[in-house]
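Trainee: model the structure of this input:
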Amino acid sequence: MRSIWNGAISFGLVSIPVKLMNATENHSISFRQIHAADGGRIRYRKVCELEEKEVPNDEIGKGYETEEGSVIPIADEDLAKLPLPTAKTIEIVAFVPGAAVDPLQIDAAYYLSANGGPAVKPYTVLREALKRSQKVALAKFALRGRERLGMLRVVDDVIAMHGLLWPDEIRSPDEVAPDGNVTVREAELDLADALMDTLGEVDMDSLHDHYREAVEEMIAAKAQGAELPAPAEGEDGGGQVIDLMAALESSVRAAKNAQGGDAGTDSGEHAEVTPIKGRKKTAASKAAAKKTTAKKTTAKTTASKTAAGKQATSGTAKKATATKTATKTATKTATKAVAGKKATSGATKKTAATKTAAKKTTRASPKKRASA
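Mentor: Below you'll find the model as predicted:
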C-alpha cells in the first residue's frame, strides 16, 4: 500500500513513527460527461477570470474570500508554519470504551504501519494494550489542511484509525423524528422479535454491490453490441397504510419458508392485508417458538348471542365466539307435550319430543268408568 502521510503516534512520553495508508477503496463506476449528439468529451477547464485564459495546475494556489468579497492569498508555506502540534503527530488524548464513540461520527478509515525497525516494539505494546483493555484511543491529527479527530482500534494485528467528525458537525435529529404519539402493542413487538430471530445473522463477506455488477454487465453488453440484460422485476413500493400485524406475520412466514423452516400451521396461508382503521384488537398468542397466527372472526346473526366456549386444538389457544339460537315454535294443534326429564348432572337439559297418539281413542262413558 502507498502511504499518504508520515508522522508519529504520541501518548505520554512515547513516540511511535508510523505511516498512514487508506484502509478503504471506492469501487463505484465513474462516468464521463459527453456531448450526446456526437459523443465528444465535456471537460472542465480552469480559467482565470481576469486574464480569461486557462491556468495550469502548478500556477493555482489557495485563497480565502472575505465577507466583503476580497480574496486573501494563502500559501502552503503559511499553513506549514502554523503552531499546530498535530501537524506531524497523532496525539492520543484519551482511552475510552468503544461504545462511547457515536457511529455517526465515524468517517474515513486508515491503517497505521510501524515506520522502521525501532517503531516495531512500541507499536506492538500499544496494540496489545488496546486489545487487553478493550478500549479505543481518541486522538487528534492534521491531514489535508485541517486538524481532525480520530479513533484508534485494533484490527487483527494492525492498529487502524478512523477519522471522526467533530461533535459540532453532527446535526441534531430532533426535526427528523416522526410527529405524533404512536402506541405500540406487545403483540407487534413480539412479531418484530420473531422476524429478527428468523432472519438471524449474516456473513458480512457475503454482501456485495448488486447495482455495480448490473452496471458492469450493461456496459459489457453495449460494448459487444449484445442485447441488454432484462430489467429485474421489482415490487411496487407504494406508501399505502397496511395492517401492521398481518404484514409482520407474512414476513415471518416468508422468512421461514426462505430458510426451509416451518412457516406455521398453514404455510400456504396468506394473512389478510387491510387498512389499520377499523381493525379490532385481536388476541395474539405468545409462544416460546414465537409462532403466532392472529385471526379475526366476526359472526353476525339475527338471533341472540350466547357465551363462547373454549376449545384446545394442538396446544394453541384460540377463542371463538359461537352464537347458538335455541328457539323452537310448536305449531301442531294435535300434539301434547310430555314433561322433559332433567339430567342428574344439571349441566344440560334434554327435551323429549312429544309423542302423539296415532291410535284413535274414544272417550269412555261414565258407566264404563264406573264398571272399571
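
Trainee: name the nearest residue to residue 84, ignoring sequence neighbours.
Mentor: The spatially closest residue to residue 84, leaving aside those adjacent along the chain, is residue 142, at 5.8 Å (Cβ to Cβ, 6 or more residues apart in numbering). C-beta coordinates here come from the backbone N, C-alpha and C atoms, glycine included.

Trainee: surely that neighbour is within a helix?
Mentor: No. Counting by DSSP: H, G, I helix; E, B strand; the rest coil, residue 142 is not found in a helix; it is strand.

Trainee: hang on, it packs against residue 150?
Mentor: No. Residue 142 sits out of contact with residue 150 when judged by Cβ atoms under 8 Å, with a separation of 10.5 Å.

Trainee: ok, the two, which is more surrounded?
Mentor: Neighbour count, other Cβ atoms under 10 Å: between residue 142 and residue 150, residue 150 has more, with 24 against 20.

Trainee: pull up the pairing partners for the helix or strand that one falls within, direction included.
Mentor: Taking DSSP states H and E as the definition, one finds residue 150 inside strand 146-155. Looking at strand 146-155 with DSSP bridges, its partner strands are strand 135-143 (antiparallel), strand 158-164 (antiparallel).

Trainee: let's see that strand as CSV, backbone CA atoms only.
Mentor: In CSV, the C-alpha atoms belonging to strand 146-155 read as follows (Å, rounded to 0.1, in the frame of the first residue of the first chain):
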residue,chain,number,x,y,z
ARG,A,146,-7.1,20.6,8.6
GLU,A,147,-7.0,19.2,12.1
ARG,A,148,-9.2,16.1,12.6
LEU,A,149,-10.4,13.8,15.4
GLY,A,150,-9.5,10.2,15.2
MET,A,151,-10.2,6.8,16.9
LEU,A,152,-7.5,4.1,17.1
ARG,A,153,-8.5,0.5,17.5
VAL,A,154,-7.0,-2.9,16.7
VAL,A,155,-8.0,-4.9,13.6
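
Trainee: which SS state does residue 191 fall under?
Mentor: Quick answer, by three-state DSSP: residue 191 is helix.

Trainee: excluding covalently adjacent residues, which one is nearest to it?
Mentor: Using Cβ to Cβ, 6+ apart, the nearest residue to residue 191 is residue 248, at 3.8 Å.

Trainee: surely that neighbour is in a helix?
Mentor: Yes. Counting by three-state DSSP, residue 248 is found in a helix.

Trainee: contacts only, for it.
Mentor: Contacts for residue 248 (Cβ atoms under 8 Å, 6 or more residues apart in numbering) come out as 188, 191, 192, 194, 195.

Trainee: quick check on these: which are buried?
Mentor: 191, 194, 195 (16 or more other Cβ atoms under 10 Å).

Trainee: distance of the second one from residue 139?
Mentor: Between residue 194 and residue 139 the computed distance is 43 Å (Cβ to Cβ, to the nearest Å).

Trainee: and for residue 198?
Mentor: Using Cβ to Cβ, residue 198 is found at 42 Å from residue 139.

Trainee: between these two, who's got more neighbours?
Mentor: Per other Cβ under 10 Å, whichever of residue 198 and residue 139 has more neighbours is residue 139, with 22 against 18.
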